[in-house]
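Novice: I would like to see how this sequence folds:
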Amino acid sequence: MNQKNSPNPSAMSEAGPGDSASEALSNAKDKITQTARETATKVKGAASNTALRAKEEASRFVSEKKETTANRIDSYSSAFHDTARELEEKDPNIAWFTHQAADRLQSIADYMRNRDFAALREDAENLARRHPATFFGGMFVAGLIVGNIVKASRRKLDEENEYTAGDYQSEWSQSGAGTETQPDLSDVERSSAGI
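Specialist: Numbering: from 1, shown residues only. Okay, here's the model as predicted:
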């Protein structure tokens with residue numbers, strides 16, 4: 001037998017397991033890559049779904065606040081019209097200006113209802129660029145109005161709390177609780193105590 005042509009069992013055993021190990025390693029690498037791709041796809045899908053839900057929720061919230069603000073402005077307009085009607089007999093000029101102001105407020109409320117948030121933001125940006133003094137003046141006046149509303153609400157809450165606390169205090173004193181009786185002191189004891 002020729003040793004050069006005869007198969008070497010040790011060479012065969014080295015080639016077989018090595019090929020098998022590299023094949024297993026390659027399969028594991030492919031599986032890991034495929035799993036990573038699937039996971040990345042799932043994460044991207046979940047992130048986009050979450051972002052879409054967050055965007056929808058924010059849009060719903062903004063729409064609700066926009067409608068609430070429009071309704072509040074509408075109620076101010078109605079109050080101005082009521083005031084103007086009361087003034088019509090006393091001073092028609094002031095009544096006319098008050099009706100005009102109420103109509104402007106009504107048009108602002110309608111404008112807010114009919115525009116989406118992006119359009120409102122764009123309009124505010126354009127107004128701020130074209131007429132910065134008017135824009136910031138309006139923001140200042142709006143801040144004063146909101147501040148006064150907050151102060152009035154705070155005062156009303158404080159008054160309600162004082163009223164409730166006053167009722168509680170009067171009930172406390174009527175029940176006799178919290179009243180301490182002073183011992184009768186003689187004149188000598190009073191003068192020594194400095195009373």
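Novice: So which other helices or strands are in contact with the longest helix belonging to the chain?
Specialist: Ranked by residue count and defined by DSSP state H, the top helix of the chain is helix 9-87. Counting contacts by 3 or more C-beta pairs under 8 Å, 6 or more residues apart in numbering; DSSP states H and E, helix 9-87 is packed against helix 92-114, helix 117-130. Bear in mind the C-beta positions are built from the backbone N, C-alpha and C, glycine included.
Novice: so which of these gets nearest Ala40?
Specialist: helix 117-130 (31.5 Å; C-beta to C-beta).
Novice: Off-centre distance for the helix or strand just after the closest one?
Specialist: Counting by DSSP states H and E, the next helix or strand C-terminal to helix 117-130 is helix 132-174. Taking C-alpha atoms, centre = their mean, to the nearest Å, one finds the center of helix 132-174 at 21 Å from the center of the full chain.
Novice: what about helix 132-174, average pLDDT?
Specialist: Computed over helix 132-174, the mean pLDDT rounds to 72.
Novice: How about stretch 19-38?
Specialist: 85.
Novice: So for it, what gets flagged as buried?
Specialist: The neighbour-count check on stretch 19-38 (16 or more other C-beta atoms under 10 Å) flags nothing as buried.
Novice: Tell me how far the residue nearest the centre of the chain lies from Ala119.
Specialist: Nearest to the mean C-alpha position of the chain, by C-alpha atoms, centre = their mean, lies Phe61 at 8.5 Å. With the distance defined as C-beta to C-beta, to the nearest Å, Phe61 ends up 17 Å from Ala119.
Novice: Over to Ser75?
Specialist: Ser75 is 24 Å from Ala119, by C-beta to C-beta.
Novice: swap in Arg72?
Specialist: 20 Å.
Novice: same thing with Gly137?
Specialist: Taken as C-beta to C-beta, the span from Gly137 to Ala119 is 22 Å.
Novice: dump the residue contacts of Gly94.
Specialist: Heads up, residue 94 is Ile, not Gly. If you count contacts by C-beta atoms under 8 Å, 6 or more residues apart in numbering, Ile94 has them with 84, 87.
Novice: That one and Thr83: what is the separation?
Specialist: On the measure of C-beta to C-beta, Ile94 and Thr83 end up 9 Å apart.
Novice: Report the buried residues of stretch 148-157.
Specialist: Per 16+ other C-beta under 10 Å, stretch 148-157 contains no buried residues.
Novice: For burial, what's the neighbour tally of Leu87?
Specialist: Leu87 is flanked by 17 other residues according to other C-beta atoms under 10 Å.
Novice: isn't it right up against His99?
Specialist: No. Between Leu87 and His99 there is no contact under C-beta atoms under 8 Å: 9.3 Å.
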